[in-house]
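**Q** Please work out how this folds:
(one chain, ligands or ions: 1)
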Amino acid sequence: MIIGCSHGKHLAKKIAKHLKKPYSELYTKKFPDGETYLKFNVNLKNKVVILIQSFYGNVNDCLIETFFAAKTARDLGAKKIILVAPYFPYLRQDKEFRTGECVSIKSVADYIDSCIDEIFIIDPHLHRKNTLNDIFKIKSYKLSANRLIANYIITNLKNPILIGPDFESYKWAKESANFIGSESIILEKRRCSPRKVKISHDENLEIIKNRTVVIVDDIISTGNTLLETIKLLKKYAPKSITCIGVHGIFTENALKKIQKTRVKVVSCNSIPTKVSKIDLSVMITDELKKKIKLLN
Ligand code: R5P
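**A** Just a heads-up that it's a prediction; the model follows:
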């Protein structure tokens, strides 16, 4: 039984169709005081329940809804509860940077472990943790959109050179470049605050002159990483710049700000926006089929 949660419906419907499995939408509403109400409209007894929920907009509401849904599914007799999280939050808060700070991902993972049996996450932001097993106790699967990003680039752009804005982005920029067989360059980023970053590169970037440049990163949030990267790259007169993010959160008018620099912006549909042109549904379906024997 595939369940489309409030922020996962756009993918859940397609996944259920590809899997040829029943689909039902979770009914949710808010009480006047902001509390969450939800209700399943199908019988879940002895079912393998796949909750599809992405985490954007009011992230904390999405989390509460997911916890309530999982616990309710269990109470209703579900045999197994699987969460597919196209975008999973809080992964960047994986360390006590200053004394007294909450390592938020630890608490979030504790809740997930308490109510979910297996979790699938697309391109989780793993930085200080190597694998999802370092975060969750339950069975966890990391999926990647790199091949889809590479396919998008192959179809739409000729002879590209891929740029990763910071050290971590090699997992997307370099890996996608490997699929394409194109060159890639990884820049250096210094984060001064949540809204301020500095991008630099030790070597001369003359190589991008007159080239089709594609910046690839996992998350586009405030867009400042991209804006600073674009500023640096434009000094070297590339022919064009396209920005691709797996997860286009686009907070604080980020999309408009980036588009104002006259570059093209594209993302995957882990978060649905008007630029989420890369569809993840088939890839997620294939991975679910591979990992969950009961689905075949
Ligand atoms: C973090 O290092 C990520 O890979 C992204 O580069 C970052 O989250 C982007 O954030 P923003 O768009 O706010 O600069």
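**Q** distance of the closest residue to residue 187 other than its chain neighbours from the ligand?
**A** Excluding the flanking residues, the one nearest residue 187 by C-beta to C-beta, 6 or more residues apart in numbering is residue 201, at 4.8 Å. Every C-beta, even on glycine, is put in place using the N, C-alpha and C of the backbone. Distance of residue 201 to the ligand, computed by C-beta to the nearest ligand atom, to the nearest Å: 15 Å.
**Q** Residue 61 too?
**A** Taken as C-beta to the nearest ligand atom, the span from residue 61 to the ligand is 21 Å.
**Q** Give me the mean pLDDT for the helix ranked longest in the chain.
**A** Scanning the chain for the helix with the most residues, using DSSP state H, yields helix 59-75. Per-residue pLDDT over helix 59-75 has a mean of 98.
**Q** downstream neighbour of it in the secondary structure list?
**A** Beyond helix 59-75 on the C-terminal side, the first helix or strand identified by DSSP states H and E is strand 80-85.
**Q** Quick one: distance of that next one to the chain centre.
**A** Offset of strand 80-85 from its chain centre (C-alpha atoms, centre = their mean, to the nearest Å): 16 Å.
**Q** Quick one: list the elements packing against that strand.
**A** Identification of packing neighbours for strand 80-85 by 3 or more C-beta pairs under 8 Å, 6 or more residues apart in numbering; DSSP states H and E yields strand 48-52, helix 59-75, strand 118-122, helix 281-291.
**Q** State the helix or strand in which the residue nearest the centre of the chain lies.
**A** Nearest to the mean C-alpha position of the chain, by C-alpha atoms, centre = their mean, lies residue 87 at 3.5 Å. When elements are assigned from DSSP H and E, residue 87 belongs to no helix and no strand.
**Q** and it, what pLDDT?
**A** Among the per-residue scores, residue 87 holds a pLDDT of 98.
**Q** go on, residue 129?
**A** Here, the pLDDT recorded for residue 129 equals 89.
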